[in-house]
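Q: next input, structure requested:
(6 chains)
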4 protein chains.
Amino acid sequence: MSVLPERGTKRSYLPAEERRAQILACARAVFARRGFHVASIAEICSAAGIGRGTLYQHFTNKRDVLEAVLEELFERVRGVLASRQSVAELDGAADAPPALICAFCATRLRRMLDAIFHDEASLRLVLREARGLDGGIDAILARIDGLVLGAMVTDLESARRLGVVETAEPELAARFLLGGVEKLVLDALHADAPVDLERIVSVVTDIQLTGLLSERTRAIGRRS
Amino acid sequence: MSVLPERGTKRSYLPAEERRAQILACARAVFARRGFHVASIAEICSAAGIGRGTLYQHFTNKRDVLEAVLEELFERVRGVLASRQSVAELDGAADAPPALICAFCATRLRRMLDAIFHDEASLRLVLREARGLDGGIDAILARIDGLVLGAMVTDLESARRLGVVETAEPELAARFLLGGVEKLVLDALHADAPVDLERIVSVVTDIQLTGLLSERTRAIGRRS
Amino acid sequence: MSVLPERGTKRSYLPAEERRAQILACARAVFARRGFHVASIAEICSAAGIGRGTLYQHFTNKRDVLEAVLEELFERVRGVLASRQSVAELDGAADAPPALICAFCATRLRRMLDAIFHDEASLRLVLREARGLDGGIDAILARIDGLVLGAMVTDLESARRLGVVETAEPELAARFLLGGVEKLVLDALHADAPVDLERIVSVVTDIQLTGLLSERTRAIGRRS
Amino acid sequence: MSVLPERGTKRSYLPAEERRAQILACARAVFARRGFHVASIAEICSAAGIGRGTLYQHFTNKRDVLEAVLEELFERVRGVLASRQSVAELDGAADAPPALICAFCATRLRRMLDAIFHDEASLRLVLREARGLDGGIDAILARIDGLVLGAMVTDLESARRLGVVETAEPELAARFLLGGVEKLVLDALHADAPVDLERIVSVVTDIQLTGLLSERTRAIGRRS
DNA sequence: GATGAATGAGGTTTCATTCAT
DNA sequence: TATGAATGAAACCTCATTCAT
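A: Numbers count the residues shown, from 1 in each chain, chains lettered A, B, ... in the order given. Below you'll find the model as predicted:
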């Protein structure tokens, strides 16, 4: 992850833009691996192969660095969401069988999450970075969350309009789903297991759409 | 939350046991409010109305204090779970209508979560405390998580044996549910809104058991 | 000036009050010798024979230390001025010969300046410490100045009421005198010469009271 | 005060001589406004509209910049003093009335001070710049002081030879006068009031020449 | 048991100065 | 000649921990 300069060179010169981006990349990795508080500026700088002072020519603060990392992530997520096709445009969904719908939803969810969970670093950052730091960090994390939830809610409402799902509280349902996925991902991270987003998403979509009740029990419900 | 000594007394003497418990109570509050890294020993001590040195007669470390707080929580959760009635013992469940089952599950889940979410402090602690600190903290958090998940999995398997639910992956399902609840609780905390655990649990149980799909779509599924 | 702990002792314990006073004494010396910006906290601490952290248990800031030093000086000057006898009470002054009056004024001025110029350290501090630091430093320096000027103005006005002096602008006259003394003292300090306050004050008082004009020229003035 | 390059030009090329002079002008302003320690190289450079590296092609040091600024000032003062008419050449002074002499002295003093206090920047620089920096800065400030004091002493001695003034210690008298003026100017600066050098000089000259004693008291002196 | 003064490692941040372009 | 990216020494400050009282 770290981008060290060529061996033997004392200094490496980069245009400000590039240097900033490089620092951001290293910072993301370090923050993700160690957490904001434990990570030190020195760590980030040595990961980037630069002196400590250099970092401060591009960022005013340690917090500013984290903010920039998250801002970048925010932009990426926004970009991905903006370029998605609207569910509403899908015709014929109303008459599709459940299995097909599940598959479609899973894929669609997967795509979106890929934007956030683009790399393990971003993922760890968003999921477990200590909230409660002063300044804009909470706000950005909230904005990212809002972006994702908003997209999910939009989808749910479109689906409801198509008659595919029924839910009185799309907000809650979206949050619930997202929370469930996050937990599964976190646990995988925590166990140092590879994150099989594909499988997680498909299982989770299935549960949320179909529900856990057995067909037998449902039948009892329909009878009464 | 802080347990200050009587006014006017310079020093207050307490038997070791009590003092330890008192410190723990204050520490839980402070850690919850500020997070492990941001909270300072001084903060905890002044909340407890004691000198900084006193804390070190009962704990070896800042980390040790957090560990003790979590250990205490762990014991409480274990106690609650140990005293629960087994689902397996419930007869007649197999023929109950879905609505009744949902209500039952919701209540049961609610009871368990109450143990962890006993007070806002415990709750914030478990949900957002930065993982990744060296030492036993991760382990304890994992043990608490395991306790809860274990209970949920046991319930799910009992229910499956009764023919009430169908799930190939009770582990995943349990984690998913727990994650969803946690997210909803966290978001409420984060918005400084009161945590309406009652409502959260009931909505969430409903979604997970019944699923979001409309009856119309399900019918299509049954036809094919 | 530095108050080092006994040799061989690792730590020396002092009641907060005393430690604070000791640090202040050392800080005054160091600030005086090196100037606020050049002086470092480390310097002050090693002069006081304490660790760097100890200083920060008594002061919040480097600036706070300087402020405290100056505040102390302010209080000392105020005390001295408060205990002075009023000029107005002196009877018979109206008919005293000029030489006597000069001597009296010189002594009185000397007493007052002794309070400020109590030691070389205070003196250097007040006279040449960089003004323009944010915070209360300017204000305290101004208050000290005001104290001294106020006392001088009061004296001048009493003297005028007694018919001993004539001046339309006691404010200006006082500032002028004080400025003149300060310059002479500064120059002495600067040349590393001992500051003969006795002589400076007497010469300066003489010039300001009597004036430089020759008796011959004055006579011309009286004639016309 | 800053001499910015033409708008739209990325780089502006100047012959070394001019660039140096331009930097000096900006540096004088910045040092005056902020003080040597607080002023930063970056500040000076951005005031001059140049890159930080450029400054180091004309000066070796931050200190070197201040030295150059002061050296320039020194030369200007020397020039002004060199072109003054000698007091000794003035005839008839011996029989002039005191008021006329005061007026003459005030004007003459005013002229000289104008050279130093040419602009507010120079003035602040000379009066309050922290002494005690290693290197030649103290020396230059002392040389400037010496220049002015020398001129004043010469004047005083000429006047004494003409019988206009009486003073055993022209050195002290000159310093005293200069100190008094400086204080008044500093206080005005400090209060952000405009510096009315005209008035300051005339009041101060009057006090120093005539003295504060009332005519009544003087008469007592003459009698005895 | 309790205290709070003392400590210093360790972190962040600044800024004069260098140097490749 | 001009630039501004890079540097790292050095400063300030925090705070968990120790220890004499």
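Q: where's A:R175, which helix or strand?
A: helix A:170-190 (DSSP states H and E).
Q: how far does that helix sit from its chain's centre?
A: 11 Å (Cα atoms, centre = their mean, to the nearest Å).
Q: elements contacting the helix or strand that that helix is followed by?
A: Downstream of helix A:170-190, the first helix or strand assigned by DSSP H and E is helix A:197-210. With contacts defined as 3 or more Cβ pairs under 8 Å, 6 or more residues apart in numbering or on different chains; DSSP states H and E, helix A:197-210 has these neighbours: helix A:98-116, helix A:170-190, helix B:170-190, helix B:197-210. For every residue, glycine as well, the C-beta is placed using N, CA and C.
Q: let's see 6 Å
A: helix A:98-116, helix A:170-190, helix B:170-190 (3 or more Cβ pairs under 6 Å, 6 or more residues apart in numbering or on different chains; DSSP states H and E).
Q: how close does A:L100 get to chain B?
A: The gap separating A:L100 from chain B is 10 Å, by Cβ to the nearest Cβ, to the nearest Å.
Q: and A:M152, by the same measure?
A: Distance from A:M152 to chain B, by Cβ to the nearest Cβ: 12 Å.
Q: CA atoms only: put the lowest-mean-pLDDT helix or strand in chain A into CSV for me.
A: Across the helices and strands of chain A, mean confidence by mean pLDDT, DSSP states H and E is lowest for helix A:120-128: a mean of 73. Taking C-alpha atoms only, helix A:120-128 is exported to CSV below (Å, rounded to 0.1, in the frame of the first residue of the first chain):
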residue,chain,number,x,y,z
GLU,A,120,-10.5,-3.3,2.7
ALA,A,121,-9.1,0.0,3.9
SER,A,122,-12.1,2.1,3.0
LEU,A,123,-14.3,-0.6,4.5
ARG,A,124,-12.6,-0.8,7.9
LEU,A,125,-12.6,3.0,8.0
VAL,A,126,-16.2,3.5,7.5
LEU,A,127,-17.3,0.6,9.6
ARG,A,128,-15.3,1.0,12.7
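Q: quick one: contacts of it?
A: Here helix A:120-128 makes contact (Cβ atoms under 6 Å, 6 or more residues apart in numbering or on different chains) with A:R28, A:A29, A:F31, A:A32, A:L73, A:F117, A:E182, A:L186, B:R131.
Q: distance from that helix to the middle of the chain?
A: 7 Å.
Q: after it, which helix or strand is next?
A: Immediately after helix A:120-128, counting by DSSP H and E, sits helix A:137-161.
Q: does that following helix come close to DNA strand E?
A: No: shown here: helix A:137-161 not in contact with DNA strand E (Cβ under 7 Å from any atom of the strand), separated by at least 13.5 Å.
Q: in that helix, what's buried?
A: By 16 or more other Cβ atoms under 10 Å in any protein chain shown, the buried positions in helix A:137-161 come out as A:137, A:140-141, A:143-145, A:147-149, A:151-160.
Q: pLDDT weak spots in chain A?
A: A:1-9, A:88-90, A:128-135, A:224 (pLDDT under 70).
Q: give the contact list for the residue nearest to the spatial centre of it.
A: Geometric centre of chain A, nearest residue: A:I116, 2.8 Å, by Cα atoms, centre = their mean. A:I116 is in contact with A:V77, counting by Cβ under 6 Å, 6+ apart.
Q: redo that, cut-off 10 Å
A: Each residue near A:I116 by Cβ atoms under 10 Å, 6 or more residues apart in numbering or on different chains is listed here: A:73-74, A:76-77, A:80, A:122-123, A:125-127, A:144-145, A:147-148, A:182, A:185.
Q: which among the residues you listed count as buried?
A: A:73-74, A:77, A:80, A:122-123, A:125-127, A:144-145, A:147-148, A:182, A:185.
Q: for D:A94, which of the helices and strands packed on helix A:197-210 is the nearest?
A: helix B:170-190 (91.2 Å; Cβ to Cβ).
Q: flag every buried residue along the closest one.
A: For helix B:170-190, using 16+ other Cβ under 10 Å, the buried residues are B:170, B:172-190.
Q: and the angle for the least confident helix or strand of chain A with helix A:197-210?
A: Per axes from the mean of the first three to the mean of the last three Cα atoms, to 10 degrees, the angle that helix A:120-128 makes with helix A:197-210 is 40 degrees.
Q: on that earlier part again, mind picking the two most distant members of the buried ones among the contacts of A:I116?
A: Across the buried ones among the contacts of A:I116 (Cβ to Cβ), the longest gap, 18.8 Å, separates A:F74 and A:V185.
Q: which residue would be the closest one in chain A to DNA strand F?
A: Closest contact between chain A and DNA strand F, by Cβ to the nearest atom of the strand, is at A:G53 (1.5 Å).
Q: right, and that residue touches A:C45 too?
A: Yes: with contacts counted by Cβ atoms under 10 Å, A:G53 reaches A:C45, the gap being 8.7 Å.
Q: tell me which of those two has more neighbours.
A: A:C45 (20 against 8; other Cβ atoms under 10 Å in any protein chain shown).
Q: quick one: that one and A:L55 touch, right?
A: Yes: the criterion here is Cβ under 10 Å, and A:C45 meets it with A:L55 at 5.4 Å.
Q: pull up the overlap in contacts between these two.
A: Common neighbours of A:C45 and A:L55 (Cβ under 10 Å, 6+ apart) are A:I23, A:C26, A:A27.
Q: tell me which element the first one falls in.
A: So that's A:I23. Secondary structure (DSSP H and E) places A:I23 in helix A:16-34.
Q: for the helix or strand that that helix is followed by, packing partners?
A: The element immediately downstream of helix A:16-34 (helix or strand, assigned by DSSP H and E) is helix A:41-48. Applying 3 or more Cβ pairs under 10 Å, 6 or more residues apart in numbering or on different chains; DSSP states H and E, we find helix A:41-48 packed against helix A:16-34, helix A:52-55, helix A:62-82.
Q: buried residues in the helix or strand where A:I220 lies, which are they?
A: Using DSSP H and E, the element containing A:I220 is helix A:215-223. Neighbour-count burial for helix A:215-223, counted by 16+ other Cβ under 10 Å, picks out A:T217, A:R218, A:I220, A:G221.
Q: stretch A:58-70 too?
A: A:H58, A:F59, A:K62, A:V65, A:L66, A:E67, A:A68, A:V69, A:L70.
Q: residue contacts, the closest residue in space to the last one that isn't next to it in sequence?
A: Same thing as A:L70. With sequence-adjacent residues excluded and distances taken as Cβ to Cβ, 6 or more residues apart in numbering or on different chains, A:L70 is closest to A:I140, at 4.3 Å. Listed by Cβ under 10 Å, 6+ apart, the contact set of A:I140 reads A:L66, A:E67, A:A68, A:V69, A:L70, A:E71, A:L73, A:F74, A:V126.
Q: if I look at the fourth one, how far off is A:F36?
A: Separation of A:V69 from A:F36 (Cβ to Cβ, to the nearest Å) stands at 10 Å.
Q: for A:R216, give me its contacts.
A: A:R216 touches B:A94, B:D95, B:G163, B:V164, B:V165, B:E166, counting by Cβ under 10 Å, 6+ apart.
Q: how does chain A divide into domains?
A: Chain A is divided into the following domains under automatic domain parsing: A:1-59, A:62-223.
Q: is any residue of the first one near DNA strand E?
A: Okay, so that is domain A:1-59. Yes: with Cβ under 7 Å from any atom of the strand as the criterion, DNA strand E is reached by domain A:1-59 at A:K10, A:R11, A:Y13, A:A39, A:S40, A:I41, A:A42, A:R52, A:G53, A:Y56.
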